[in-house]
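K.L.:
Got a sequence here, can you build the structure:
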Amino acid sequence: MVNCRRLAAFVTFARCDAFFTSTCKLKRNVAMLSKHMPSDPSSQDDINSGQYLPSEEGQIDNAPNLSLLGVLSPADNCKPDQMGASALAYVGDVVYELLVRSKSVWPELRTADLQTKVVSLVRAEHQAKLLARLKEDFPLTQKELNVLSRGRNGSVKGNRRNAAAYNDSTSLEALLGYVYITSQQKNDDRCAMLLNWIYRNLEEI
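P.N.:
The predicted structure follows:
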């Protein structure tokens, strides 16, 4: 039989060893953090404002916080004019769906009804009608018209039931992706203007 006293002593020793190891690691981390903390108490505002960010190793990096759109946008060196239509549409698809879901989520509906409504607004046929109205009512630049053409020509070919509508929806998503990225890079309101137009006309088609 196992000697109970010896077993209890072994468990106590293991717990003490684990506590000692954890304490040492904590002291080490505190020391590393202290090295990067500002010595001047007045600079505490820099930490509160997010100027100092924790890295994966528990250290503090002098990296500025990004805005919400900055976090949700490609890198600053991204070149949307050199991106393929599929990549632009990949981003634009998310932008469009977020707009639709945000507009539809309130007043609150049953989950099944909410899903039915959202699906009806993100269907290729609906996006195609929205694009046709957009071309008539919204003043597009030549670059934006070129992106629409690229999106239509770059859409995946296949035995789709309504290939024309699918091509148009890909064009719209490519345009949204392009304007979303360039607006963030140029710090202008072009994307907001386009999304406001879509917001107002989304359910009027």
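K.L.:
can you pull out the strands in this protein?
P.N.:
Taking DSSP state E as the criterion, the chain carries its strands at 53-54, 60-61.
K.L.:
And those, which one averages the lowest pLDDT?
P.N.:
Among the strands of the chain, strand 53-54 carries the lowest mean pLDDT, a mean of 49.
K.L.:
Flag the shaky bits of the protein, pLDDT-wise.
P.N.:
Counting by pLDDT under 70, the chain shows low-confidence ranges at 1-64, 155-160.
K.L.:
Where do the helices of it begin and end?
P.N.:
Using DSSP state H, the helices found in the chain span residues 4-36, 44-48, 68-71, 85-104, 111-122, 124-137, 142-153, 163-186, 190-201.
K.L.:
what's the closest of those to K79?
P.N.:
helix 163-186 (9.2 Å; CB to CB). Bear in mind the C-beta positions are built from the backbone N, C-alpha and C, glycine included.
K.L.:
Can you give me the buried ones in that closest one?
P.N.:
Of the residues in helix 163-186, 165-184 count as buried by neighbour count, 16 or more other CB atoms under 10 Å.
K.L.:
for stretch 97-109, same thing?
P.N.:
In stretch 97-109, counting by 16+ other CB under 10 Å, buried: L99, V100, S104.
K.L.:
which among those gets closest to N196?
P.N.:
L99 (9.9 Å).
K.L.:
which residues touch the closest one?
P.N.:
Contact analysis of L99 by CB atoms under 8 Å, 6 or more residues apart in numbering lists L195, I198, Y199, L202.
K.L.:
Leaving out the residues flanking it, which one is nearest to the first one?
P.N.:
Taking CB to CB, 6 or more residues apart in numbering as the measure, L195 lies nearest to L99, with 5.9 Å between them; neighbours along the chain are not counted.
K.L.:
Next: the second one.
P.N.:
Counting by CB to CB, 6+ apart, L99 is the residue found nearest to I198 once chain neighbours are left out, at 6.4 Å.
K.L.:
neighbours around the closest residue in space to K129 that isn't next to it in sequence, how many?
P.N.:
The shortest distance from K129 to any non-neighbouring residue, by CB to CB, 6+ apart, is to I205 (4.5 Å). Using other CB atoms under 10 Å, I205 is surrounded by 15 other residues.
K.L.:
so I205 touches L130, yeah?
P.N.:
Yes - I205 lies in contact with L130 (CB atoms under 8 Å); the separation is 5.5 Å.
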